[in-house]
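1. pasting the sequence and the predicted model now:
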Amino acid sequence: MRVGDEIKHLKEGECIIFDDSFNHEAWHDGKKTRINLIFDFWHPELSDAEVKFFSMLLKSKLKGDKFMADKFDNNDHLYAIIEQTKHILKGRDDWWLH
């Protein structure tokens, strides 16, 4: 994973926290499927109005991604990733890690 100019090697069972307002990317070259649990939280200094505004922007982006997915054959966006992977846990009861 790269955040800004820094590269970190993620390890199973460990977590990292980073500011995603910096340019970032992640990749996986392994042979097994990897699932990441991502928590998004707002910066504590944002006001309620700012959180509401940024939430609206994120929802609008997801709706735009859905529109582009429906109109064009393009799967390089968050909506496509959600659609392509939501079946992984659907109907399963063994998803919880102990």
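-> That came through, no problem.
2. wait, what's in contact with F18?
-> By C-beta atoms under 8 Å, 6 or more residues apart in numbering, the contact set of F18 is 3, 24. C-beta coordinates here come from the backbone N, C-alpha and C atoms, glycine included.
3. per-residue pLDDT, it?
-> Looking at F18, its pLDDT stands at 88.
4. assign a three-state SS to it, would you?
-> Look at F18: counting by DSSP: H, G, I helix; E, B strand; the rest coil, its state is coil.
5. who are the packing partners of the lengthiest helix in the chain?
-> The longest helix of the chain (DSSP state H) is helix 48-71. Applying 3 or more C-beta pairs under 8 Å, 6 or more residues apart in numbering; DSSP states H and E, one finds that helix 48-71 contacts helix 78-85.
6. quick check: buried residues in the helix it packs on?
-> Neighbour-count burial for helix 78-85 flags Y79 (criterion: 16 or more other C-beta atoms under 10 Å).
7. pull the residues that contact that helix.
-> Applying C-beta under 8 Å, 6+ apart, the contact partners of helix 78-85 are 61-62, 65-66, 68-69, 74-75.
8. the same query, at a cut-off of 6 Å, please.
-> Defining contact as C-beta atoms under 6 Å, 6 or more residues apart in numbering, one finds that helix 78-85 is touched by 62, 65-66, 69.
9. in ChimeraX, how would I select just the buried ones from those?
-> Typed into ChimeraX, the line below selects the buried ones among the contacts of helix 78-85, using 16+ other C-beta under 10 Å:
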select :65,66,69
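10. per-residue confidence averaged over the longest helix of the chain?
-> What helix 48-71 shows for mean pLDDT is 87.
11. and that helix with helix 78-85, angle?
-> Interaxial angle, helix 48-71 versus helix 78-85 (axes from the mean of the first three to the mean of the last three C-alpha atoms, to 10 degrees): 70 degrees.
12. about what we covered before: wait, which of the contacts of helix 78-85 is closest to I17?
-> Comparing the contacts of helix 78-85 against I17 with C-beta to C-beta places L62 closest, at 23.0 Å.
13. got the contact list for the closest one?
-> Shown in contact with L62 (C-beta under 6 Å, 6+ apart): Y79.
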